[in-house]
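Engineer: coordinates for the following, if possible.
(6 chains)
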Protein chains: 4
Amino acid sequence: MTAATPRRAAAQARPDDAPPPVPQRLLATATRLFADRGYDRTSVQEIVEGAGVTKGALYHYFGSKDDLLHEIYARLLRLQQERLDAVADRDAPIEERLRDAAADVVVTSIENLDDAAIFFRSMHQLSPGKQKQVRAERRRYHERFRALVEEGQRGGVFTDAVSAELVVDYHFGCVHHLSAWYRPGGRLTPREVADQLADLLMRSLRP
Amino acid sequence: MTAATPRRAAAQARPDDAPPPVPQRLLATATRLFADRGYDRTSVQEIVEGAGVTKGALYHYFGSKDDLLHEIYARLLRLQQERLDAVADRDAPIEERLRDAAADVVVTSIENLDDAAIFFRSMHQLSPGKQKQVRAERRRYHERFRALVEEGQRGGVFTDAVSAELVVDYHFGCVHHLSAWYRPGGRLTPREVADQLADLLMRSLRP
Amino acid sequence: MTAATPRRAAAQARPDDAPPPVPQRLLATATRLFADRGYDRTSVQEIVEGAGVTKGALYHYFGSKDDLLHEIYARLLRLQQERLDAVADRDAPIEERLRDAAADVVVTSIENLDDAAIFFRSMHQLSPGKQKQVRAERRRYHERFRALVEEGQRGGVFTDAVSAELVVDYHFGCVHHLSAWYRPGGRLTPREVADQLADLLMRSLRP
Amino acid sequence: MTAATPRRAAAQARPDDAPPPVPQRLLATATRLFADRGYDRTSVQEIVEGAGVTKGALYHYFGSKDDLLHEIYARLLRLQQERLDAVADRDAPIEERLRDAAADVVVTSIENLDDAAIFFRSMHQLSPGKQKQVRAERRRYHERFRALVEEGQRGGVFTDAVSAELVVDYHFGCVHHLSAWYRPGGRLTPREVADQLADLLMRSLRP
DNA sequence: GATGAATGAGTGTTCATTCAT
DNA sequence: TATGAATGAACACTCATTCAT
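Structural biologist: Below you'll find the predicted structure:
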C-alpha cells in the first residue's frame, strides 16, 4: 500500500546480469517518462509497459501514481541534503565551503537531470499532503544553504549589501533553470558549468 | 480557427461599466486557472463556467484549448519584447540600460505573475508546432538581452571572465523562479525585488 | 452535473413513435438491470449499451452511477407519498382509509416491482448523503402511515394491545418482501394479493 | 477447495485464552464486514486484514470469496432449521407451537443480526449453484413453518379465511425487515419484540 | 500450512472536441 | 453567434485469484 523502499533483500545478492527488481524498474521508467512528457501526460499504462510489468504489479508496490512521483522527490532530496551537509560540515574557510556547495548542487542536478526537471516542473502535481512534506524538506535544505551565506556575511567575507535570502533564490533559480537549457554532451562539461555558476554566485557576494 | 486577437474590437468603444467581451473573459479565466492548477488539470468546462459562457462560445473564438495557452504566451512575449526593445534602444550608458532591462523583466514578471508562472511551467504542454514558435520568439528576446551584456564586455565595462550566455541564463533562471517564492503583498515591493536582483546581476559582471 | 429531471420540452411534443429521450431510456435500462443483478453488479457499460448510448451521454445527464440510483428512489418515493396522502386525506372511516392505504402500497409496489426490489436491496449502496435524504423521505411516509393506525387506536376502532410502530413495520416488512416471492402472472392478481395482505393487517388490529 | 467446516477441530481442545483458529477468525470478520458494507463492497484484502492473516491463508481454507458467504448462509440455516424442528416436534397444542416457532425465529434473527442482514441482502451475490442450494434449504424451512399454520387451520383453531402461504410470507417479510429497524440496546428486548410480533401473527389467524 | 508477488480483466469517471440547430 | 447534446478514447485504480516458494 505504501511506497516501497527498495527491498534490502533485492539489493543484497543480485547477480550482475539479472534485471533490476520490479520497484526499481518502475521508478526508473517513471523518472524517464515524467521528465520527458510531464507527470500528467504520462499514463500509468505507459509506465508499466516501459517497465515490462502489469498495472497490478505497480499497485502492489506503490499506492498510487502520486506515490511514484513522491519517491522520486524523496530520492533526490535525500541525495542533495546528504551532500550539502557533508560540504557544510567540513573544516574549511567559508568561501570555499559555499563555493563547493554551490558547485555541487549544479553537478548533482546535471547528473540527475531527469530528477531535477521533474522536481521543478511537477511539484504542483503532488497531492497536497505530500507537497507539504516535500516543501518542508526543501526548506531545510534551503536554510542550510542560506546559513552559509549568512555566516560569510557576519564574518565580513561576503558583502551584506544583498539579502542572503535573495542570493540563495538567485542561485536556485538558476539551478532550477538548468534543465531548460543544459544538454548533456554540450560545449561545457557539468564541472565547467558548475564552476562558472558558482563563480557568478561568489562574484555577486564580493564586498 | 486560429487564435483570435480581439484587442482591436475591445479597444473600440466599450462603456466602462460593461463586462469585457467574451474572448477576454475566457482568456482572463484561463490565465487564472492555468496558473492555479496547471494547464492539464484545468478542464475546458471549468474555463467556460468561470467565464460564464458555454463550450460552443469558446470553440467559436479559439480553435482549441491549446490556442488559449498559446495566446497567453504570445501576450506576455509581445509585452516583454516591446519593453526590452524600448530600454535597449535608449541612448544611455550600457550599465544603465542593462540594469534597467534586468529590473524591468522582474517587474513585468511580478506584475503578470500568473502569466509568468504559466510560461515556465506549461511550455511543454503546447503542441510541438506552437512550442517551436514560442521558443523562437523567446530566443530573440534572449539574444537581445545577451547582446547588451556582450556590448558591455566589449567596452570593458563588464568583466569577460564570465560567459555572457551563462549570465543571461543565470538571470532568467531567477526570473523563472520568481513565481515559486514571490508573494504579492510580501515584505518587498516588486520594485525593490527588481532592484536587488538587478544589483546581483551587475555585481557579478563587475570587472 | 446534477441528476436530470426529465426535460419538460421533451415530454411536451414527442410523436408517439419516437424513441423516449435519452435520460428516460437510461433510467429505464438502469432500473431493469439494477433489479436483475443488483446495483454493484451492474456496470455503467451495461447500462449505456442497454440504452443504446455512450458513457459520455450518461455522464452528460447524470453526475454519477449513484445519481441514477437516487433518481429511481426519488421517483418511487414521490409516487407513493402522493398516493398515501390522497388516501389519508379522504373523508372516510379510518378502517377504510387504513385498509385502502395498506392495499394501495402493495399494488403500487407490485406495479413497480423493479423499483421496489431495488429500494430494499440497494439502499446501502447509495452514497451516505443521498442515503440520509432518502431515509428522511421514507420516514415521513412511514409516519403518515403510522398516524392512521394511531388515529384508529385512539378512536377505539383498533386494538391498542399492539404497538402502532410494530404494526407498521410488520406491514412494510411484508411489502419489502414482495419482490422476493411475487411473480407477475402468478396465481393471484396484484389486487388480490393487496386485498389479502390488507386483510391480514386489519385482522391483527381487531380489538 | 470446498468450504472448510472446521467445527470439529475447534471443538477439540483449545485453551480458553487462545485466539480462535484461522477459519473462525476469517468467518467472523467476513460476517461483520459483509453485514456492514455488503458482500460486493468488501474486498478479500479487507477480510484478511481484519482477521490478521494473509490472502494465501484464506484461500487455503476457503475455495473462494463466494465460499465464505455460502458458509455464513449454511450456518444460519442449520441453526434455524434445528430450532424450528425442535419446536414443531414438541407435544403441545398447535397454537403454542406456532407462536413459539414464530417468536423463536425473531429471537434467533436478532441474536444473529449480522447473519440475518446478510441473508436477505446478499442472496443474489451467491453463485447460481450455491444460490439454488440455499433456496432449497430455505424452502424446506418455509414449508415446515407453513405446515404448522395449515395444521391449525385444518383443526379449526386458525381461520382459513387467509392463505397459509401469505401468512408465512407476511411473517418472514417482517423477520427479513428486522435488520432494517431493530437496534440492539433499543427500547425493546429481543424477547419483547419476538412476543409482540408473534402476537400479531396469531391475531391475524384468529377465526 | 502459509506467503506475497503478480496477473489481467474490469471499474467508474473525465474530457477535448464535434455538430446539428 | 452561440448552444448543448453526444462522442469515444483515455484515465487511474481495484480486485479475486493464482502460484512458485
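
Engineer: and the gap between A:Val134 and D:Arg75?
Structural biologist: Distance of A:Val134 to D:Arg75, computed by CB to CB, to the nearest Å: 51 Å. From N, CA and C alone the C-beta is placed, and that goes for glycine too.

Engineer: with neighbour numbers in mind, choose between the two.
Structural biologist: Applying other CB atoms under 10 Å in any protein chain shown to A:Val134 and D:Arg75 shows that A:Val134 carries more neighbours, namely 19 against 16.

Engineer: can you pull the contacts of the more buried one?
Structural biologist: A:His70, A:Tyr73, A:Ala74, A:Leu77, A:Met123, A:Leu126 (CB atoms under 8 Å, 6 or more residues apart in numbering or on different chains).

Engineer: report the secondary structure state of it.
Structural biologist: What DSSP: H, G, I helix; E, B strand; the rest coil gives for A:Val134 is helix.

Engineer: quick check: it vs DNA strand F, distance?
Structural biologist: With distances taken as CB to the nearest atom of the strand, to the nearest Å, A:Val134 is found 17 Å from DNA strand F.

Engineer: please apply the same query to A:His176.
Structural biologist: When A:His176 is compared with DNA strand F (using CB to the nearest atom of the strand), they lie 25 Å apart.

Engineer: how many neighbours does that residue have?
Structural biologist: A:His176: 22 surrounding residues under other CB under 10 Å.

Engineer: doesn't A:Ile118 make contact with it?
Structural biologist: No. Using CB atoms under 8 Å, A:His176 is not in contact with A:Ile118; the gap is 11.8 Å.

Engineer: distance of the spatially most central residue of chain A from A:Leu201?
Structural biologist: The centroid of chain A falls nearest to A:Leu76 when counting by CA atoms, centre = their mean (3.8 Å). Counting by CB to CB, the gap from A:Leu76 to A:Leu201 is 21 Å.

Engineer: try A:Ile110
Structural biologist: Remark: distance between A:Ile110 and A:Leu201 (CB to CB) = 16 Å.

Engineer: so for those two, which residue has more residues nearby?
Structural biologist: Taking neighbours as other CB under 10 Å, A:Ile110 and A:Leu201 compare with A:Leu201 leading, 24 against 20.

Engineer: SS state for that one?
Structural biologist: Assignment for A:Leu201 (three-state DSSP): helix.

Engineer: next secondary structure after the least confident helix or strand in chain A by mean pLDDT?
Structural biologist: The weakest-scoring helix or strand in chain A, judged by mean pLDDT, DSSP states H and E, is helix A:8-12 (a mean of 37). Note on helix A:8-12: by DSSP states H and E, the next helix or strand toward the C-terminus is helix A:22-37.

Engineer: sketch out the low-pLDDT regions of chain A for me.
Structural biologist: Residues of chain A that meet the criterion pLDDT under 70 lie in A:1-19.

Engineer: what sits against the residue nearest to the centre of chain A?
Structural biologist: Residues in contact with A:Leu76, defined by CB under 8 Å, 6+ apart, are A:Asn112, A:Asp115, A:Ala116, A:Phe119.

Engineer: so it is in which element?
Structural biologist: A:Leu76 belongs to helix A:65-88 when assigned by DSSP H and E.

Engineer: how about the residues of chain A by DNA strand E?
Structural biologist: A:Val22, A:Val53, A:Thr54, A:Lys55, A:Gly56, A:Ala57, A:Tyr59, A:His60, A:Tyr61 (CB under 7 Å from any atom of the strand).

Engineer: okay, domains of chain A per the record?
Structural biologist: Per automatic domain parsing, the structural domains of chain A span A:8-61, A:65-205.

Engineer: mind checking which of those domains is nearest C:Arg41?
Structural biologist: Nearest to C:Arg41 among the domains of chain A is domain A:8-61 (22.0 Å), distances taken as CB to CB.

Engineer: does chain B sit close to the closest one?
Structural biologist: Yes. Residues of domain A:8-61 contacting chain B under CB under 8 Å from any CB of the partner chain: A:Arg37, A:Gly38, A:Asp40, A:Arg41.

Engineer: how about that domain and DNA strand F, touching?
Structural biologist: Yes. Shown here: domain A:8-61 in contact with DNA strand F (CB under 7 Å from any atom of the strand) through A:Thr42, A:Ser43, A:Val44, A:Gln45, A:Glu46, A:Lys55, A:Gly56, A:Tyr59.

Engineer: tell me the one of those residues nearest D:Leu84?
Structural biologist: Looking across the residues of domain A:8-61 next to DNA strand F and measuring by CB to CB, the closest to D:Leu84 is A:Gly56, at 46.9 Å.

Engineer: the helix or strand encompassing the closest one: how far from the chain's middle?
Structural biologist: Under the criterion of DSSP H and E, A:Gly56 resides in helix A:55-61. Relative to its chain's centre, helix A:55-61 lies at 25 Å (CA atoms, centre = their mean, to the nearest Å).

Engineer: next, the buried residues of that helix.
Structural biologist: A:Ala57, A:Leu58, A:Tyr61 (16 or more other CB atoms under 10 Å in any protein chain shown).

Engineer: ok, the residue lying closest to A:Arg75 once chain neighbours are set aside to A:Lys132 distance?
Structural biologist: In space, and not counting its chain neighbours, A:Arg75 is closest to A:Asp115: 7.0 Å by CB to CB, 6 or more residues apart in numbering or on different chains. With distances taken as CB to CB, A:Asp115 is found 20 Å from A:Lys132.

Engineer: still on that earlier bit, possible to save the buried residues of helix A:55-61 as a markdown table with distance to chain C?
Structural biologist: Below are the buried residues of helix A:55-61 laid out as a markdown table (distance: CB to the nearest CB, whole Å):
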| residue | distance to chain C |
| --- | --- |
| A:Ala57 | 25 |
| A:Leu58 | 24 |
| A:Tyr61 | 28 |
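
Engineer: nearest to B:Ala86, of those residues?
Structural biologist: Using CB to CB, these come closest to B:Ala86 at A:Leu58, 53.5 Å.

Engineer: quick check: the residue lying closest to that closest one once chain neighbours are set aside vs chain C, distance?
Structural biologist: The shortest distance from A:Leu58 to any residue other than its chain neighbours is 5.3 Å, reached at A:Val48 (CB to CB, 6+ apart). According to CB to the nearest CB, to the nearest Å, A:Val48 stands 23 Å off from chain C.

Engineer: how about the residues of chain A by DNA strand F?
Structural biologist: Proximity of chain A to DNA strand F, by CB under 7 Å from any atom of the strand, involves residues A:Thr42, A:Ser43, A:Val44, A:Gln45, A:Glu46, A:Lys55, A:Gly56, A:Tyr59, A:Ser64, A:Lys65, A:Asp66.

Engineer: looking at the residues you listed, which is nearest chain D?
Structural biologist: Proximity of the residues of chain A next to DNA strand F to chain D (CB to the nearest CB) peaks at A:Tyr59, which lies at 11.6 Å.

Engineer: what is the burial count for the residue nearest to A:Gly38 when sequence neighbours are not counted?
Structural biologist: Spatial nearest neighbour of A:Gly38, excluding adjacent residues (CB to CB, 6+ apart): B:His124 at 5.6 Å. Using other CB under 10 Å, B:His124 has 13 neighbouring residues.

Engineer: let me see the contact set for B:His124.
Structural biologist: So B:His124 contacts A:Arg37, A:Gly38, A:Arg121, B:Gln131 (CB under 8 Å, 6+ apart).

Engineer: show me the contacts for A:Gln153.
Structural biologist: A:Thr159, A:Asp160, A:Ala164.
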